[in-house]
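Engineer: What follows is a protein structure lacking sequence information:
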């Protein structure tokens, strides 16, 4: 049962999305709100975990193939736009090679987290004072509209790394790439990270680490609601539960209410009742095979130029060109 007495028209986007998700059946919370300051800190720890292979695989790819990517870019100026830049740890591998090659470019990191963008800008300024770094805070497509108009136009190179595309259903990832393509011109490039299907035990371990950091990361979403919206969630009454389906490639994370309980969120004037073992859908992390990637390219009128894979072929960064 859900009791509501407050309208959402004057609330923040975060508050409105929490209201909508916890008023739905089944209940859900949007994974993009994992990343407040504490969420950023916890995700840095996740990327260092032995079970979390994704970051290491993509770093290997970027170190191995940064010269190949630079060869595709040539010597003409370009704008390097990174969607969901985070702390830019992996991207610095590319930036370092581009700086060594003396390529002419500006770097536009895009992220919903102001905290992480300011940290990234400061770090890059210390490392390369001459690099033009222009942070864009906000949702991807809102931020892209803030890009300067170049006259004459110069090539755009969009980075969408870290398997973020796996946080979407196939239909949503197709819609996302179509919307992104609409803001680009023929000849522009997109580099997208895809986590590949593999042994299910490896995938599950990446989202259920032995140190419990991923559990804390999911619980922090509830704590953020407490901090920012006056909720009274008790994370100890919610069990982190990951699942992997090898046919669909869906790795899902849930929080299960271990008891029948009611949660009140002051800013929403919202009471949410949970049955024992009722789930909150927290995140989708889809794993792909090459046929799915090829179909996605065909449906969105993108041409695959190159698959860059790590040695174990756990992960691939795919370079697309806009037709």
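Structural biologist: That came through fine. All figures in this text were calculated on a predicted structure; none of them were measured in a lab.
Engineer: wait, what's in contact with the most centrally placed residue in the chain?
Structural biologist: Note on the chain: the residue nearest the mean C-alpha position is residue 164, at 3.8 Å, using C-alpha atoms, centre = their mean. For residue 164, the contact set (C-beta atoms under 8 Å, 6 or more residues apart in numbering) comprises 83, 84, 193. (C-beta placed from N, C-alpha, C; glycine too.)
Engineer: give me that answer again for 7 Å
Structural biologist: When contacts are counted by C-beta atoms under 7 Å, 6 or more residues apart in numbering, residue 164 touches residue 84.
Engineer: Can you tell me the element the closest residue to residue 300 other than its chain neighbours falls in?
Structural biologist: Take residue 300 and drop its neighbours on the chain: the residue closest to it by C-beta to C-beta, 6 or more residues apart in numbering is residue 177, 4.1 Å away. Taking DSSP states H and E as the criterion, residue 177 maps to helix 170-182.
Engineer: buried ones in that helix?
Structural biologist: The neighbour-count criterion (16 or more other C-beta atoms under 10 Å) identifies 170, 173, 176, 177, 180, 181 as the buried residues of helix 170-182.
Engineer: Now do whichever helix or strand comes after that helix: which elements does it pack against?
Structural biologist: Sequence-wise, the next helix or strand downstream of helix 170-182 (DSSP H and E) is strand 189-195. Using 3 or more C-beta pairs under 7 Å, 6 or more residues apart in numbering; DSSP states H and E, the elements in contact with strand 189-195 are helix 53-73, strand 155-160, strand 315-322.
Engineer: try it again with 8 Å
Structural biologist: Here strand 189-195 touches helix 53-73, strand 155-160, helix 170-182, strand 315-322, going by 3 or more C-beta pairs under 8 Å, 6 or more residues apart in numbering; DSSP states H and E.
Engineer: Next, the buried residues of the first one.
Structural biologist: Going back to what we said before, that points to helix 53-73. Using 16+ other C-beta under 10 Å as the test for burial, helix 53-73 gives 53-62, 65-66, 69-70, 73.
Engineer: Kindly report the same for stretch 20-32.
Structural biologist: For stretch 20-32, a neighbour-count test (16+ other C-beta under 10 Å) marks 21, 22, 27, 28, 29, 30, 31, 32 as buried.
Engineer: The third one - nearest residue in space that isn't next to it in sequence?
Structural biologist: With sequence-adjacent residues excluded and distances taken as C-beta to C-beta, 6+ apart, residue 27 is closest to residue 280, at 4.8 Å.
Engineer: contacting residues for that neighbour?
Structural biologist: Applying C-beta under 8 Å, 6+ apart, we find residue 280 in contact with 21, 22, 27, 28, 29, 238, 254, 255, 256, 257.
Engineer: sorry, back to before: dump the buried residues of helix 170-182 into TSV; add pLDDT and distance to residue 316 as well.
Structural biologist: As requested, the buried residues of helix 170-182 are exported to TSV (pLDDT from 0 to 100; distance: C-beta to C-beta, whole Å):
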residue	pLDDT	distance to residue 316
170	89	17
173	95	15
176	95	18
177	97	16
180	95	18
181	94	20
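Engineer: my read: the residue nearest to residue 300 touches residue 301, true?
Structural biologist: No: with contact defined as C-beta atoms under 8 Å, residue 177 does not count as touching residue 301 (9.1 Å).
Engineer: Residue 164 versus residue 94, what's the distance?
Structural biologist: Residue 94 sits 16 Å away from residue 164, going by C-beta to C-beta, to the nearest Å.
Engineer: try residue 79
Structural biologist: Distance from residue 79 to residue 164, by C-beta to C-beta: 20 Å.
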